[in-house]
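Enquirer: Sequence isn't available, so here's the structure alone:
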């Protein structure tokens, strides 16, 4: 039986892994850099650092089968947790209100893991991503135990295989966009009562 192709929105899908996901699914993207979003092709885009823009993004997010909260803002002037956590909660609140049955994904980082917390790492980046994971834990429990139709997975990545990552002196190997797309597809087509709250992806170190 032919599987229905999901309608996909990527928040932060104009470059890197986000763009690869958009291209793979033929989806829409929205970010402060603009993107491929119906009615916004000539607009500057929406900025997740601005509360009004987050609300607008959340308002259209429940028109999609899959929404991926991939955008991240690392401004140290913002409260710990940054805009990604606020964007995630805004989408969740919207889907809870409308009882949407879509699949919400969030992109997080293994910088929150104890084994990644080394002296030369960015402490504030880890703290912001950790707060996103806390919001994820609340959402996952609510999805499992609450009267909700939506599904949710927080995908925690190690080093990504992007042009930006490959330019780093310590880059060895990275998680590929094509593999991320396969994981998203696999999880989406699972039975709706099969919940995957968290999924970790790492790339093997090449010798």
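Expert: Structure's in. What do you need? These numbers come from a predicted model, not from an experiment.
Enquirer: What strands flank the helix or strand harbouring residue 154, and is each parallel or antiparallel?
Expert: Residue 154 is part of strand 151-157 when elements are defined by DSSP states H and E. Partners of strand 151-157 in the sheet, by DSSP bridges, are strand 103-109 (parallel), strand 198-201 (parallel).
Enquirer: How far off centre is the helix or strand bottoming out on mean pLDDT in the chain?
Expert: Across the helices and strands of the chain, mean pLDDT, DSSP states H and E gives its lowest value to helix 123-145, namely a mean of 86. Centroid separation for helix 123-145 versus its chain: 12 Å, with C-alpha atoms, centre = their mean, to the nearest Å.
Enquirer: same check, this time on stretch 137-153
Expert: 16 Å.
Enquirer: now stretch 189-206
Expert: 13 Å.
Enquirer: now the strands for this structure?
Expert: Secondary structure of the chain (DSSP state E): strands at 8-11, 28-30, 66-69, 103-109, 151-157, 198-201.
Enquirer: got CSV for those strands, with mean pLDDT too?
Expert: Output for the strands of the chain, formatted as CSV (pLDDT from 0 to 100):
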stretch, mean pLDDT
strand 8-11, 95
strand 28-30, 91
strand 66-69, 97
strand 103-109, 93
strand 151-157, 95
strand 198-201, 94
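Enquirer: follow-up on the earlier one: let me know the angle separating the least confident helix or strand of the chain from strand 103-109.
Expert: Counting by axes from the mean of the first three to the mean of the last three C-alpha atoms, to 10 degrees, helix 123-145 lies at 150 degrees to strand 103-109.
Enquirer: what's helix 123-145 packed up against?
Expert: For helix 123-145, the elements it packs on are helix 82-98, strand 103-109, strand 151-157, judged by 3 or more C-beta pairs under 8 Å, 6 or more residues apart in numbering; DSSP states H and E. (Glycine included, C-beta is placed from N, CA and C.)
Enquirer: in the first one, what's buried?
Expert: Spelled out, it's helix 82-98. Neighbour counts over helix 82-98 (16 or more other C-beta atoms under 10 Å) mark 82-92, 94-96 as buried.
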